[in-house]
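# Next comes the sequence, and after it the predicted model I'd like to discuss.
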Amino acid sequence: MAKTITIDPVTRLEGHLKINVEVENGTAVNAWATGTLFRGFENILVNRPPEDAQHITQRICGVCPVPHGMAAVMALDSAFGVTAPANARIMRNLVLGANFIQSHILHFYHLSLPDFIDGPNMPPWQPSWGTDKRFDASETDTLIEHYVTALEMTRKAHEMGALFGGRMPHPPTYVVGGFTTTPRPDRIAKFKSYLETDLLPFIRNTYLEDVNLLAEIYPDYFKTGKGPGNLLSFGVFDQDTAGNVKLLRRGRAVNGSKTIRPVNIDLIAEHATYSWSDIGTGARIPANGLTRPRYPKDLAYSWLKAPRYGGAPYETGPLARMWVNGDYTRGISVMDRHVARAQETLKIAEAMLAWVGELDAGGPVYERSSVPSLASSYGLTEAPRGALGHWLSISNGKISRYMIITPTCWNASPRDKNGTLGPIEQALVNTPVENTDEPVEVLRVIHSFDPCLSCAVHVMKPGKGAKILTLSHSHGEAQPQPWRPASVNS
Amino acid sequence: MKVTRRQFLKICGASAAALGISTTDLGLLEKALASQDGPTVIWLQGAGCTGCSESFLNWVSSSGSPPQTAADVLIDSINLVYHPNLMALAGQSAVQMAEEAYGAGGYVLAVEGGVPTKFAGNTCWAWSYNGEDVTFQQAVLDLASRAAGILCVGTCASWGGIAAAPPNPTAVKGVGAITGKGTINIAGCPPHPEWIVWVIAQLMLGKTIALDSYGRPKTLFSRTVHDRCPRHEAEEASAFGQDRRCLEELGCRGPQTRANCPVQLWNNGANWCCDANALCIGCTEPQFPFTQIASPGEGD
């Protein structure tokens, strides 16, 4: 008999996520991902000076603020018609790279590993679910030690980023036309030292080793949590002024193919049939995006909209980037995501060591420009957890429209207008669930995507005439959710 | 296998001692730490971005005496029964931890993120409990009612912050405004980790924290950034990217912003906004993020 289990909150991720999974004969047969927070960033941005975008959008997510700063200044540079000097391009990359390293290490040790190990005997690590914990006592001890070391490493990655970023999280140094910091020789030396003394050795000797150990102990997770098999990367870390050469290239793969296809951003559109949003049953491209919150709404079960490429769902993230770049093509699964993420961390950290050597201590970091009265542009980059796009329109020198599609919009999206499940929803289907009271397998699948829900659900813009229904907080009967679980996991 | 708190202390090479405060406080603090579990803390996240938690995890002692890192604080000092990013449990069993603490009462409630009230609070759910979606607003109201103290970690929890910026699309309010209770407002977007740990240490010592009219600890937020900025008297910068120049004419909000950043520095002394030639954006002020980030007052 099918049983629907609810996990709300899904802990150890950024933001607010609720998951319902229908389990039959020990296997998940259906899944619904619900983003349970929205803040309305678009509406906050409209009528502001365009330069505010980098500061405001970073506050979408404190775990991955820098990619928002990067996407914003890319869109702004384009709109203002200005080219950032090489020093600025490099420092933007270095601070972004520091955020990637910090976020990837945090993700593995602090967000994911507690799904596999029994933590120390105190809150917040205990109590915990005991289901399917396979490491022996000595391995567990070692991994707990590494959990603590990893906290030190995430701190140091932030300290390294702050050398040029000013402070982390939420660095104030990304500006249209460049960067505010000058690459002083003492900062260059310290930056190198963080990489060479702390982070590279930790990534090589600890992080990669621990991921390999996890893969050895849990090999079945190479066969779990595939999802749609479509992979999308906008590419990141421009190596030249024009952005034609990137450390990780732009592209996409269809159904696990090793053939990499180009990305045409005009084929990206958002659906809202199953979202608490009143934009109709069609699809809208982001440059013409529109969102009107409507709550409650028939069929709807998430504040996230469903972005699709050519009508199809795509997974995005480190595995997609490494796949598109030809660096990792073993497979698509929970464990492949962890392995690709760790390998990417090393690739980025090694590249950063070369970039920091390219900084010109006396060279310019900033190019003056002025606000256009009318412009529209976009910035495409990557966050640690996947493809990020900002679409900007300026009118009368102020922001007139701002649309953001985040990685977790792609990964944790609800069903689209055709009823096709989002990537995490698809990845959950066919996942074995040993104990419905402790569905740790479900957490493992979700965590492998490194969801960032705050990133995903704040681009809602109340429109004129939006129908707004007020509910009491006890709204169980008022909410049309035909799939609502009959029983609840404890 | 399970590791006890004391065994874990050994693993980490940490010992229960002071948070870098005077020796007269040491005895009191050691007494507070002598119990197996420190003060119970419930950490909720609402309309925010997790940046405050991220900042807290960056804490490292400036005194050199233990606890030296955020890990030590978690392990030695506080009993963090609920934190969405850190706790092992998920779903209703996680919520049960908050429920149990609520039953016992007397915990510290730390709130990160503002409280949305639009759609009766349904733009932000805290969790599902017994099949019912509980709004963040309701969770804050319930848990505030039996808390020994309420910490607003960051500008959003304190006064609404970013999500409450004009036109405040989801009608976000601060925790004090929602609960009608006094809160200790650890301002900042994000707050400096030292500010968070300093407040926790004062609470553990049973000390009264003097607050300004906005509920911020006076010790941390009494003087303006500009007041103690090394560039206070420097020549004005004419553009970004100029070292050792005052940024006031580019829109720096240091003159109106109360925080100790120029002396505290950020990220273990690595840097701070103005030393990176960037504007102070006024992130510890109740009006943050204003109607525009740069101060309109002095610009040309």
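Sure thing, it's come through.
# isn't B:Trp59 right up against B:Ala71?
No. In this structure, B:Trp59 is not within contact of B:Ala71 by Cβ atoms under 8 Å, at 9.2 Å. (Each C-beta comes from the backbone N, C-alpha and C, glycine too.)
# out of the two, which sits in the more crowded spot?
B:Trp59 (27 against 22; other Cβ atoms under 10 Å in any protein chain shown).
# That one and chain A, how far apart?
8 Å (Cβ to the nearest Cβ, to the nearest Å).
# Not counting residues beside it along the chain, what's closest to whatever residue of the stretch 151-300 of chain A ends up closest to chain B?
Nearest residue of the stretch 151-300 of chain A to chain B: A:Gly166, at 3.2 Å (Cβ to the nearest Cβ). Leaving aside its sequence neighbours, A:Gly166 sits nearest to B:Ala276 (Cβ to Cβ, 6 or more residues apart in numbering or on different chains; 3.2 Å).
# How about B:Ala148?
B:Gly106 is the one closest to B:Ala148 (Cβ to Cβ, 6+ apart), at 4.7 Å.
# How about A:Met74?
A:Gly379 (3.0 Å).
# Give the helix, strand or coil label for that neighbour.
strand (DSSP: H, G, I helix; E, B strand; the rest coil).
# That one: neighbour count?
When counting by other Cβ under 10 Å, one arrives at 24 neighbours for A:Gly379.
# repeat for B:Ser93
When counting by other Cβ under 10 Å, one arrives at 19 neighbours for B:Ser93.
# Tell me if I am right that it is in a helix.
Yes. With three-state DSSP as the criterion, B:Ser93 is part of a helix.
# That one contacts A:Gly130, correct?
No. Using Cβ under 8 Å, B:Ser93 is not in contact with A:Gly130, being 11.5 Å away.
# which residues are in contact with both of these two?
A:Glu438 (Cβ atoms under 8 Å, 6 or more residues apart in numbering or on different chains).
# follow-up on the earlier one: OK, contacts around the residue of the stretch 151-300 of chain A closest to chain B?
By Cβ under 8 Å, 6+ apart, the residues touching A:Gly166 are A:172-173, A:180-181, B:266, B:271-273, B:275-276, B:278.
# which among these gets closest to A:Gly357?
Checking the contacts of A:Gly166 against A:Gly357 with Cβ to Cβ, the nearest one is A:Thr181 at 16.9 Å.
# Would you confirm that that closest one contacts A:Val365?
Yes. Judged on Cβ under 8 Å, A:Thr181 makes contact with A:Val365 at a distance of 6.7 Å.
# Next, count neighbours for the closest residue to chain B within chain A.
Nearest to chain B in chain A, going by Cβ to the nearest Cβ, is A:Gly62, at a distance of 2.3 Å. Number of residues near A:Gly62 (other Cβ under 10 Å) recorded here: 25.
# part of a strand, is it?
No. Secondary structure assignment (three-state DSSP) places A:Gly62 in coil, not in a strand.
# Which pLDDT value belongs to it?
A:Gly62 carries a pLDDT value of 94.
# who's in contact with it?
Counting by Cβ under 8 Å, 6+ apart, the residues that A:Gly62 touches are A:14, A:169-170, A:454, B:48-55, B:190.
# let's see 7 Å
By Cβ atoms under 7 Å, 6 or more residues apart in numbering or on different chains, A:Gly62 lies in contact with A:169, B:49-52, B:54, B:190.
# From B:Ala171, how far out is the closest residue to it other than its chain neighbours?
Of all residues not flanking A:Gly62 in the chain, B:Gly51 sits nearest, at 2.3 Å (Cβ to Cβ, 6+ apart). Going from B:Gly51 to B:Ala171 by Cβ to Cβ, to the nearest Å gives 22 Å.
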